[in-house]
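Peer 1: show me the folded form of this:
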Amino acid sequence: MGNLRLKKLILEVVNNQSRDNDPPITKDVYEKLLKAGYSVNEAKEKIGAVVLTEIYDVMKENQPYNEKRYQDALEGIAAGGFPICG
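Peer 2: Just a heads-up that it's a prediction; the model follows:
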């Protein structure tokens with residue numbers, strides 16, 4: 001994420017989701033990434049990439065947020081994949 005202001009906002013979303021356990025998958029994936037050896041920042045940035053991709057897809061396609069798509073993308077990064085939504 002090149003834009004520092006955008007990065008800060010996206011990481012705030014990740015922190016809020018993890019803190020509030022909403023959706024629960026965010027905290028689960030965060031903990032899995034930490035156990036897999038990622039640093040706190042790396043784990044949050046990987047989840048943030050999924051958040052950003054989901055926001056982009058929602059805006060680009062003018063569709064409502066799709067929690068299943070978001071969960072699938074998070075599960076993908078937890079399994080070692082690249083964060084892709086849509």
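Peer 1: check the separation of the first and last residues in stretch 29-45.
Peer 2: 12 Å (C-alpha to C-alpha, to the nearest Å).
Peer 1: now do the buried residues in that stretch.
Peer 2: Residues 29-30, 32-33, 38, 43-45 are the ones in stretch 29-45 that count as buried (16 or more other C-beta atoms under 10 Å). For every residue, glycine as well, the C-beta is placed using N, CA and C.
Peer 1: same deal with stretch 3-15?
Peer 2: 10-11, 13-14.
Peer 1: so which of those are in helices?
Peer 2: Residues of the buried residues of stretch 3-15 located in helices (DSSP state H): 10-11, 13-14.
Peer 1: now, which of these sits nearest K60?
Peer 2: Taking C-beta to C-beta as the measure, K60 sits nearest to I10 out of these, at 16.5 Å.
Peer 1: take the buried residues of stretch 3-15 and lay them out in JSON lines including distance to D20 and pLDDT.
Peer 2: Listed next are the buried residues of stretch 3-15 as JSON lines, based on distance: C-beta to C-beta, whole Å; pLDDT from 0 to 100:
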{"residue": "I10", "distance to D20": "16", "pLDDT": "96"}
{"residue": "L11", "distance to D20": "15", "pLDDT": "97"}
{"residue": "V13", "distance to D20": "11", "pLDDT": "97"}
{"residue": "V14", "distance to D20": "11", "pLDDT": "98"}
